[in-house]
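> Predicted structure and sequence below. I'll ask about it afterward.
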Amino acid sequence: MERAGRLITKLKTPPGAISPEALALAGWPAAVGKSIAAHTRALWLVSGRLVVEAEDQIWQLQLAPLKTQILKRLDGILGESVVRDVEFRLPARRRGPQRAEQPQGTAEADRIEGKPARSIFKQRRDRRSA
């Protein structure tokens, strides 16, 4: 029984109907299995190189030795010459929420106890800076 990827490549569809990238991205979970596919994500195909995002550095290190096996399975599913290499990357770091910096002198005024004394301090500070 032939794989769906091979059958699709043999179909006489108009050129460009199914891109090699779409085939590679769709074939990734079938090539690596459910457990690896749950921790990785095929991002794009560039010049025969499939770029795959690994969940973390541990997954990236564990997948590196399996590269030749994965390529053989991709060739078996998609046909030869669709994916010639696999590159495992880490996800881009996302910045957490940032705190807004307080205007200069605000923290100083907030440390003064008593509302009247605090307001006098702020008025005099504003007069000096103007």
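Sure thing, it's come through. Computed from a prediction, not measured in an experiment: that's the story for all the values here.
> that's a strand at Val51, yeah?
Yes - Val51 forms part of a strand when assessed by DSSP: H, G, I helix; E, B strand; the rest coil.
> That one and Leu45 touch, don't they?
Yes - when contacts are counted by CB atoms under 8 Å, Val51 is listed as touching Leu45 (7.5 Å). To be clear about C-beta, it is placed using only N, CA and C from the backbone, and glycine gets the same treatment.
> Please say which of the two ends up with more neighbours.
Using other CB atoms under 10 Å, the more surrounded residue of Val51 and Leu45 is Leu45, with 20 against 16.
> Okay, that one and Leu71: tell me how far apart.
According to CB to CB, to the nearest Å, Leu45 and Leu71 sit 13 Å apart.
> Quickly list what's touching both of these two.
Val83 (CB atoms under 8 Å, 6 or more residues apart in numbering).
> quick one, helices of the protein?
Shown for the chain, the helices assigned by DSSP state H span residues 4-10, 20-32, 34-37, 57-63, 67-78, 106-110, 115-129.
> which one is the spatially most central residue of the chain nearest to, not counting chain neighbours?
Central residue of the chain (CA atoms, centre = their mean): Pro91, 3.8 Å from the mean position. Take Pro91 and drop its neighbours on the chain: the residue closest to it by CB to CB, 6 or more residues apart in numbering is Glu53, 5.4 Å away.
> From Arg95, how far off is that neighbour?
Distance from Glu53 to Arg95, by CB to CB: 18 Å.
> Please apply the same query to Val46.
26 Å.
> out of these two, which sits in the busier spot?
Using other CB under 10 Å as the criterion, Val46 and Arg95 rank with Val46 on top: 11 against 5.
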